[in-house]
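**Student:** This is the structure alone, sequence omitted:
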């Protein structure tokens, strides 16, 4: 998993690329979840550079969304394509996450 | 695996003496010739073309792990300090299958096993992009279950940010514990005429899948496997999953 974070006054864009799988728990916790702690109101997770995701990766995105909600903010997913987009469809993720 | 072809053991990080000992043991159980080309450096050897190559590595996986099952290599097997018995068992399984990966928990956690297997399959049979994608995801889910629930004996994935921290700590601790780290994950592939069968096994104490919850992640791995495999069987109290895919 690689990532890049861009922040403006009221919005944060987290770009995740590469693969997001069951061996990324520690990296996701340290690099993604920890950046959400400031409670910024609007968070976008951009997955246009993500090539592969598994169910553990989906779980991590759900954790991030739940965590932001607990802090009073919102998190949306955008840019899922290829294998990632098709896994989202099969897992019916649009029922659990905000997908732009 | 074509029975007529000679079997060639290739080593990476093993002493020549150990590689020869493994070849001798496999030769005795198979009753046919097993040779050890390449001097144990793991690199391709011109002699490889004359047979089916089984690669054994110790300590450091091949640099290009995704390509470890490229022709003519049919198996990639990790060797630990002194456990010839488990290695010989893995080699015997490999000979019975068309493709085999048998590695320890740390390698299964850190290396792209599902990608390596799908690359090996795709170099032998024609797959559409959708087939390739579905098989890779199903294998990835099975390997994730084998590593996390099976060998590392972690009951379920974390579902909150707080639990993600303790879950990550538990993973790191168990990967550093030889009791967990030296358990094997096996992937065995057999080609049928119009289908392909992949078994993924672990050495944990067994696993009962939890039901899918609409708002959680439990069971989603098995749900995804079921969406892409034409048939799924859980065997050995959950220590082995057999998945079939139409070709």
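**Tutor:** On my side now, so go ahead. All of these numbers come straight from a predicted model, not from anything done at the bench.

**Student:** So which bits of chain A are right by chain B?
**Tutor:** With the criterion set to C-beta under 8 Å from any C-beta of the partner chain, chain A comes near chain B through A:19, A:21-23, A:25-26, A:28-30, A:33, A:36, A:52, A:54-56, A:58-60, A:62-64, A:66-67, A:83, A:86-87, A:90-91, A:95-96. Any C-beta I mention is one placed from the backbone N, CA and C, and that applies to glycine too.

**Student:** Now, those residues that are in helices?
**Tutor:** Among the residues of chain A next to chain B, DSSP state H puts A:25-26, A:55-56, A:58-60, A:62-64, A:66-67, A:83, A:86-87, A:90 in helices.

**Student:** sorry, back to before: buried subset of the residues of chain A next to chain B?
**Tutor:** Among the residues of chain A next to chain B, the ones that count as buried by 16 or more other C-beta atoms under 10 Å in any protein chain shown are A:19, A:21-23, A:25, A:28-29, A:33, A:36, A:52, A:54-56, A:58-60, A:62-64, A:66-67, A:83, A:86-87, A:91, A:96.

**Student:** Now look at stretch B:125-140 and say if it contacts chain A.
**Tutor:** Yes. Using C-beta under 8 Å from any C-beta, we find that stretch B:125-140 touches chain A at B:133, B:136-137, B:140.

**Student:** now those as JSON lines including pLDDT, neighbour count and secondary structure?
**Tutor:** Converted to JSON lines, the residues of stretch B:125-140 next to chain A look like this (pLDDT from 0 to 100; neighbours: other C-beta atoms under 10 Å in any protein chain shown; DSSP: H, G, I helix; E, B strand; the rest coil):
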{"residue": "B:133", "pLDDT": "96", "neighbour count": "18", "secondary structure": "helix"}
{"residue": "B:136", "pLDDT": "98", "neighbour count": "23", "secondary structure": "helix"}
{"residue": "B:137", "pLDDT": "97", "neighbour count": "26", "secondary structure": "helix"}
{"residue": "B:140", "pLDDT": "97", "neighbour count": "29", "secondary structure": "helix"}
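
**Student:** I'd like to know which of the residues you listed is nearest to residue B:228.
**Tutor:** Distances from residue B:228 to the residues of stretch B:125-140 next to chain A, taken as C-beta to C-beta, are shortest for residue B:137 (6.1 Å).

**Student:** distance of the residue with the largest distance to the centre of chain A from residue A:69?
**Tutor:** In terms of distance from the mean C-alpha position of chain A, residue A:9 ranks first, at 19.8 Å (C-alpha atoms, centre = their mean). Note on residue A:9: its distance to residue A:69, by C-beta to C-beta, to the nearest Å, is 21 Å.

**Student:** and if you look at residue B:185?
**Tutor:** For residue B:185, the distance to residue A:69 equals 36 Å [C-beta to C-beta].

**Student:** could you pull out the strands for chain A?
**Tutor:** Using DSSP state E, the strands of chain A run over A:2-7, A:11-20, A:42-53, A:74-78, A:98-99.

**Student:** partner strands of the last one, parallel or antiparallel?
**Tutor:** When sheet partners are counted by DSSP bridges, strand A:98-99 sits next to strand A:74-78 (parallel).

**Student:** can you tell me if stretch B:177-197 touches chain A.
**Tutor:** No. Shown here: stretch B:177-197 not in contact with chain A (C-beta under 8 Å from any C-beta), separated by at least 12.2 Å.

**Student:** Residues contacting the worst-scoring helix or strand of chain B on mean pLDDT, please?
**Tutor:** Counting by mean pLDDT, DSSP states H and E, the weakest-scoring helix or strand in chain B turns out to be strand B:34-35, with a mean of 70. Residues outside strand B:34-35 that contact it (C-beta atoms under 8 Å, 6 or more residues apart in numbering or on different chains): B:6-9, B:23-24, B:26-27, B:47, B:51.
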